[in-house]
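**Student:** sequence and predicted model, in that order:
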Amino acid sequence: MTTQPATAPSSANPDEFNPFLSMAEEFDRAADHLGLDEGLREVLRTPNRELKVSLPVMMDDGHIKVFTGYRVQHNYLRGPCKGGIRFAPEVNLDEVRALAAWMTWKCSVVNIPFGGGKGGVICDPRTMSMKELEQLTRRYTAAIMDILGPDRDVPAPDMNTGEQTMAWIMDTYSMHVRSTTTAIVTGKPLSIGGSRGRREATGRGVMISANEALKMKGLRPEDTRVVVQGSGNVGGIGAMLMHRQGYRIVSLSDMYGSIYNDSGLDVNAVLSYLEDNGRLEGFPEAESMKNAEQLELDCEMIVPAATENQITSQNVDRIKAQLIVEGANGPTTAMAARILDDRGVIIVPDILANAGGVTVSYFEWVQDRMGYFWTEEVVNSRLEQIMVNSFQEVAETATKNSISLRAAAYIVAIDRVATVYRLRGMFA
Ligand code: GLU
């Protein structure tokens, strides 16, 4: 049985909101285009390994609570599995499976030598103390560590996890193997083997993707009103970097609501307001609105940088933007994307647009293994080179075949994994 994310409204077809089915639909379309035979499709569609673990944690009030965690390794043909760990109440196996598969395609589309994996723990971090989060993280790491390793599976931050979480994972793993192993995880603090530029990398990649997409529409940043859904590591930093490039950021949101100013927000001021107040609502130079209305604002570009299933059959007819740059994983359902494609809206798909994070994770892993660290300029210019080249390769494939950027990105990614499979052959 499959479980649906909590976001599916009762009037919707639940399959539309199942991210694994959305991913499979895109996969099948690309596989048809590539003429992959049924056996190879089956191999590439099926996750290599799925682990479910129970995690007892002593809570601060003295009672024991058992949490559930997952780690899915979708595919390790191109290298160690790579992908984040999220802590959220809605985590479920289908979601983690989809996210793991998206990591396989993401690493492949930017051609970094990793497969795809993802982890998740069902919990509500907002209601937990630092001590409880540390216990949970350590217990989760210990529970999945048989399948982890710098050459096997290298986690990273995702929703509600960050540098501190990665430091605990690194320490727990290192204590078990009796040796400090920085390359076990990426997105670490700088002082324990993190990379310069990693914190901003996903947002920077989003900005680079937006710049490339803009050229396709012949627009300039100063003529581009941008609605950013989210204000965290991807949305907040992406908005800040885009604001610096001259884009007019007209709206940002958090879990409580959205703020809007058609003349453009001072993003640095918004982010420091958020830091001081814990929410965007009440920011002086903007009006407040409900999150449901935000994506329907009059604008040229939307950057959905929060979570899955935000642009769906339920609101797609009211979307006005001509450009969508997917900062989050899976923010547009396959059904909504089809409708937007027909309307000529350009969507830079998640597996390309948000690949900046995993690309600098790759740089972090390389630096840890070399024990030699790069300057921020080197990191940023290598990131830019990879993002621009990958974008161009995807855009050329799209133009050549008269297909969307998303379909083209899947074709580039799947073809690369299929080539490796054919060369390596089947172990039996
Ligand atoms: N969680 C991020 C993503 O979805 C980063 C993964 C990584 O750096 O391994 O791409």
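**Tutor:** Here it is on my side, so go on. Small disclaimer: the values here were computed from a predicted structure and weren't measured.
**Student:** for the ligand, what are the nearby residues on the protein?
**Tutor:** Applying C-beta under 6 Å from any ligand atom, we find that the chain lies next to the ligand at K82, G83, G84, A156, D158, T186, N329, N354, G357, V358, S361. In short, each C-beta sits where N, CA and C put it, glycine included.
**Student:** which members of those are classed as buried?
**Tutor:** K82, G83, G84, A156, D158, T186, N329, N354, G357, V358, S361 (16 or more other C-beta atoms under 10 Å).
**Student:** so the first one sits right up against F114, yeah?
**Tutor:** What it means is K82. Yes. Assessed by C-beta atoms under 8 Å, K82 is found in contact with F114 at 3.8 Å.
**Student:** so what sits against both of these two?
**Tutor:** M103, C107, V154, V358, Y362 (C-beta atoms under 8 Å, 6 or more residues apart in numbering).
**Student:** residues touching the closest residue to the ligand within the chain, list them.
**Tutor:** Residue of the chain nearest the ligand, by C-beta to the nearest ligand atom: G84 (2.8 Å). G84 is in contact with L99, K118, G119, P155, A156, P157, D158, M159, T161, G187, counting by C-beta under 8 Å, 6+ apart.
**Student:** which of the helices or strands spans it?
**Tutor:** strand 81-88 (DSSP states H and E).
**Student:** what's the pLDDT at the residue lying closest to D15 once chain neighbours are set aside?
**Tutor:** Once flanking residues are discounted, D15 sits nearest to L21: 5.3 Å by C-beta to C-beta, 6 or more residues apart in numbering. pLDDT for L21: 91.
**Student:** can you tell me the number of residues neighbouring L21?
**Tutor:** As a burial measure, L21 scores 16 neighbours (other C-beta atoms under 10 Å).
**Student:** my guess is it meets F27, correct?
**Tutor:** No. Counting by C-beta under 8 Å, L21 stays clear of F27, with 10.3 Å between them.
**Student:** pLDDT value on L271, please?
**Tutor:** 98.
**Student:** thought G236 was touching it, still the case?
**Tutor:** Yes. In this structure L271 lies within contact range of G236 using C-beta under 8 Å: 5.5 Å.
**Student:** among the shared contacts of K82 and F114, the buried ones, what's the PyMOL command?
**Tutor:** Buried subset of the shared contacts of K82 and F114, written as a PyMOL selection, criterion 16+ other C-beta under 10 Å:
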select buried, resi 103+107+154+358+362
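**Student:** following the helix or strand where H33 lies, which helix or strand comes up?
**Tutor:** Per DSSP H and E: H33 is located in helix 19-34. For helix 19-34, the following helix or strand on the C-terminal side (DSSP H and E) is helix 38-45.
**Student:** could you check the angle helix 19-34 makes with that next one?
**Tutor:** Counting by axes from the mean of the first three to the mean of the last three C-alpha atoms, to 10 degrees, helix 38-45 lies at 140 degrees to helix 19-34.
**Student:** which other helices and strands contact the lengthiest helix in the chain?
**Tutor:** What stands out as the longest helix in the chain, according to DSSP state H, is helix 376-401. Packing partners of helix 376-401 (3 or more C-beta pairs under 8 Å, 6 or more residues apart in numbering; DSSP states H and E): helix 198-217, helix 350-353, helix 356-370, helix 405-424.
**Student:** strands along the stretch 51-200 of the chain, start to end?
**Tutor:** 64-75, 81-88, 115-122, 153-157 (DSSP state E, counting those that start in this stretch).
**Student:** now distance to L423 too, for those, in a markdown table please.
**Tutor:** Putting the strands of the stretch 51-200 of the chain into a markdown table (distance: least, C-beta to C-beta, whole Å) gives the following:
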| stretch | distance to L423 |
| --- | --- |
| strand 64-75 | 15 |
| strand 81-88 | 19 |
| strand 115-122 | 15 |
| strand 153-157 | 22 |
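**Student:** out of those, which gets nearest to G257?
**Tutor:** Among the strands of the stretch 51-200 of the chain, strand 81-88 comes nearest to G257, with 19.4 Å by C-beta to C-beta.
**Student:** and the closest one, how far from the chain's centre?
**Tutor:** 9 Å (C-alpha atoms, centre = their mean, to the nearest Å).
**Student:** am I right that I249 sits in a strand?
**Tutor:** Yes. Under DSSP: H, G, I helix; E, B strand; the rest coil, I249 falls within a strand.
**Student:** I'd assumed G264 was in contact with it.
**Tutor:** Yes. Contact status for I249 versus G264: in contact at 6.1 Å, counting by C-beta under 8 Å.
**Student:** quick one: which of the two has more around it?
**Tutor:** Between I249 and G264, I249 has the larger neighbour count (other C-beta under 10 Å), namely 24 against 17.
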